[in-house]
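1. mind folding the following:
(one chain, ligands or ions: 1)
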Amino acid sequence: MKIYNTMSRQKEEFQPLEPGRLKLYACGPTVYNYFHIGNARAFVVFDVLRRYFEHLGYEVIYVQNITDIDDRIIQQSIDEGISFHDVAAKYTKAYFEDCAALGLKAPSVQPKATDVMPEIIALIDKLVQLGNAYEAGGDVYFAAQTLPQYGALSGKKLDDQLAGARVEENAQKRHPADFTLWKKSKPGEPVWQSPWGEGRPGWHSECVVMSQKYLGETFDIHGGGVDLVFPHHENELAQATAITGKPLANYWMHNGFLNIDGEKMSKSLKNFFTAREILAEYPAEAIRFFFLSKHYRSPIDFNREVIEESDRAVKTLYASLKSILSADFSEDEIASSANCLSSEFDAAMNDDLNTAKAIAVLFELAKSARNEKLHDELRKNNAYMLIKLGRVLGFFQNLRAELADRTPDLSRQLIDLIVAYRMDARAAKDWAASDRIRDDLARLGIELKDSREGSTWTIKEK
Ligand SMILES: [Zn+2]
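-> Down below sits the predicted model:
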């Protein structure tokens, strides 16, 4: 398998540290708010990477951190008028809910920064002992100049940063490129005791500790969004290299930006969406399809029309399965299905995770699964293969329920339409019309459930 390594800026043949085992770390959320749709892209990419290695027969140890102490968490606790513990607890819970809604497989380990505080302090202390870090006024900084290879991952030169530095920059730093390892706390902020007084760690040290604790000094792949290359990953790498003299990871993988209607997503432009908001509008598999239909390194433009197209594409895949399989399909037959397109799928994925090409293979399988000119056994085999490979990309998570639902698409759309008319009546406080629609639907066996977000419907079993 070839993987584009940000460090070497080229595709490299992947060689695991241990045969048959993948040690993967991807940066997780800072739990100060709901995560946005750009974070969701990164989570889906590394979820698929993990699923693909498992498909290849690897044992995958996937570690993703939860950063539960950070300036933004403290700010949010002031904004919401609750403790920083409560902010972290609230958004950690929301993070788990949204990941489940996105259909992400839970990582093997999800450590929290506050659970490894003694190890973080020990790491910073070691850097001070080695002369790679210095204390100034209760803060601790990493001295970037002590590491000749600093900047190798991001391609940033120390001199450039010197030239670009503003005059009013932190006067305690010896060099503008020096970065914070430990931060002295202000009154009222959460504190931990350290050799440099009361304070809290910087984000860059947390990830070094949490990755190495579960994966060792050097692991296979370190991943994250391209916005993390600098300074976050560069600074993680600097600390690890200063201590062990070895690389932190052998491969660095970064997914591209997500723009909204051609512009960078930002709160001030009001084009900022949380994953939760988007999941309320579209099915998770449509969002997944939307991400995976482009190469993970390419920037992606979040555009509602394209997501709607993605939704239709996923429905086409399901429709192909429905044309030949029923809900009592056998998992054994899926596991044992074989087809020449499987190697085409693997070839696409082996080429630096070309999911767009892999999806094209799924459509070839879908086409032959619904081809009535073919023998039923052949159609079934293609359908099984489609499920097997689709699952590698994280599709078909609710397959049995979908196949059990025999409501044809047009009927579904008509019911949705009638329910929408009823919502309009309710909005206009036309209770008579609203009740009549509900009762008429009930007579047809369609039950409505109203909530603050709107109405959902189910067909009563007869
Ligand atoms: Zn990180």
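
2. so the closest residue to residue 6 other than its chain neighbours: helix, strand or coil?
-> Counting by C-beta to C-beta, 6 or more residues apart in numbering, residue 6 lies nearest to residue 252, which is 4.1 Å off, once chain neighbours are set aside. Quick note: C-beta positions are derived from backbone N, CA and C, even for glycine. Under DSSP: H, G, I helix; E, B strand; the rest coil, residue 252 falls in the strand class.

3. wait, residue 252 touches residue 153, no?
-> Yes: counting by C-beta atoms under 8 Å, residue 252 touches residue 153, with 6.3 Å between them.

4. just confirm residue 407 is within a helix.
-> No: checked against three-state DSSP, residue 407 lies outside a helix; its state is coil.

5. report pLDDT for it.
-> Looking at residue 407, its pLDDT stands at 71.

6. that one: neighbouring residues, count only.
-> 10 (other C-beta atoms under 10 Å).

7. same deal with the one 5 residues further on?
-> In terms of burial, residue 412 registers 14 neighbours under the definition other C-beta under 10 Å.

8. still on that earlier bit, and the residue nearest to residue 6, how many neighbours?
-> Residue 252: 22 neighbours (other C-beta under 10 Å).

9. please apply the same query to residue 314.
-> With other C-beta under 10 Å as criterion, residue 314 counts 22.

10. for the residue nearest to residue 6, give me its contacts.
-> Contacts for residue 252 (C-beta atoms under 8 Å, 6 or more residues apart in numbering) come out as 5-7, 153, 221-223, 229, 233.

11. repeat that for 7 Å
-> 5-7, 153, 222, 233 (C-beta atoms under 7 Å, 6 or more residues apart in numbering).

12. repeat for residue 192
-> By C-beta under 7 Å, 6+ apart, the neighbours of residue 192 are 117, 199-200.

13. what residues does the stretch 301-450 of the chain have near the ion?
-> Residues of the stretch 301-450 of the chain lying near the ion by C-beta under 5 Å from the ion: none.

14. now the residue in the stretch 301-450 of the chain that the ion sits nearest to: how far from residue 11?
-> Nearest to the ion, among the residues of the stretch 301-450 of the chain, is residue 353, at 20.3 Å (C-beta to the ion). Noted for residue 353: a distance of 11 Å to residue 11, by C-beta to C-beta, to the nearest Å.

15. neighbour count winner among these two?
-> residue 353 (24 against 13).

16. torsion angles phi and psi at that one?
-> phi 60, psi 60 (degrees, to the nearest 10).

17. excluding covalently adjacent residues, which one is nearest to it?
-> Per C-beta to C-beta, 6+ apart, closest to residue 353 is residue 296, 5.8 Å.

18. assign a three-state SS to residue 28, would you?
-> Residue 28 - assigned by three-state DSSP - is coil.

19. check which helices and strands the helix or strand containing residue 440 sits against.
-> Assigned by DSSP states H and E, residue 440 falls within helix 431-443. Other helices and strands packing on helix 431-443, by 3 or more C-beta pairs under 7 Å, 6 or more residues apart in numbering; DSSP states H and E, are helix 409-427.

20. export the helix it packs on as PDB, just CAs?
-> C-alpha atoms of helix 409-427 as PDB (Å, rounded to 0.1, in the frame of the first residue of the first chain):
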ATOM      1  CA  ASP A 409     -39.200   5.500  -2.700                       C
ATOM      2  CA  LEU A 410     -42.100   7.400  -4.300                       C
ATOM      3  CA  SER A 411     -44.500   6.500  -1.500                       C
ATOM      4  CA  ARG A 412     -41.800   7.700   1.000                       C
ATOM      5  CA  GLN A 413     -41.400  11.000  -0.900                       C
ATOM      6  CA  LEU A 414     -45.200  11.500  -1.000                       C
ATOM      7  CA  ILE A 415     -45.600  10.900   2.800                       C
ATOM      8  CA  ASP A 416     -42.700  13.300   3.400                       C
ATOM      9  CA  LEU A 417     -44.500  15.800   1.300                       C
ATOM     10  CA  ILE A 418     -47.800  15.500   3.200                       C
ATOM     11  CA  VAL A 419     -46.000  15.700   6.500                       C
ATOM     12  CA  ALA A 420     -44.400  18.900   5.300                       C
ATOM     13  CA  TYR A 421     -47.800  20.400   4.400                       C
ATOM     14  CA  ARG A 422     -49.000  19.500   7.900                       C
ATOM     15  CA  MET A 423     -46.000  21.300   9.300                       C
ATOM     16  CA  ASP A 424     -47.000  24.400   7.300                       C
ATOM     17  CA  ALA A 425     -50.500  24.200   8.700                       C
ATOM     18  CA  ARG A 426     -49.200  23.900  12.200                       C
ATOM     19  CA  ALA A 427     -46.900  26.900  11.700                       C
END
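
21. now it: buried residues?
-> 415, 418-419, 422, 425-426 (16 or more other C-beta atoms under 10 Å).

22. just the pLDDT at residue 164, thanks.
-> pLDDT, residue 164: 56.

23. show me the contacts for residue 30.
-> Residues near residue 30 by C-beta under 7 Å, 6+ apart: 67, 70, 72.

24. got CSV for those, with secondary structure, neighbour count and distance to residue 411 too?
-> Below are the contacts of residue 30 laid out as CSV (DSSP: H, G, I helix; E, B strand; the rest coil; neighbours: other C-beta atoms under 10 Å; distance: C-beta to C-beta, whole Å):
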residue, secondary structure, neighbour count, distance to residue 411
67, strand, 21, 47
70, coil, 21, 49
72, helix, 13, 47
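
25. how about TSV for those residues, with pLDDT added?
-> TSV is the format used below for these (pLDDT from 0 to 100):
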residue	pLDDT
67	97
70	92
72	93
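
26. distance of the residue of the stretch 101-250 of the chain found nearest the ion from residue 49?
-> At 3.2 Å from the ion, residue 207 is the closest residue in the stretch 101-250 of the chain, using C-beta to the ion. Distance of residue 207 to residue 49, given as C-beta to C-beta: 18 Å.

27. run through the helices of the stretch 101-250 of the chain in chain order.
-> 117-130, 158-164, 203-215, 234-244 (DSSP state H, counting those that start in this stretch).

28. report the buried residues of the longest one.
-> Of the residues in helix 117-130, those buried by neighbour count under the rule 16+ other C-beta under 10 Å are 117, 119-121, 123-125, 127-128.
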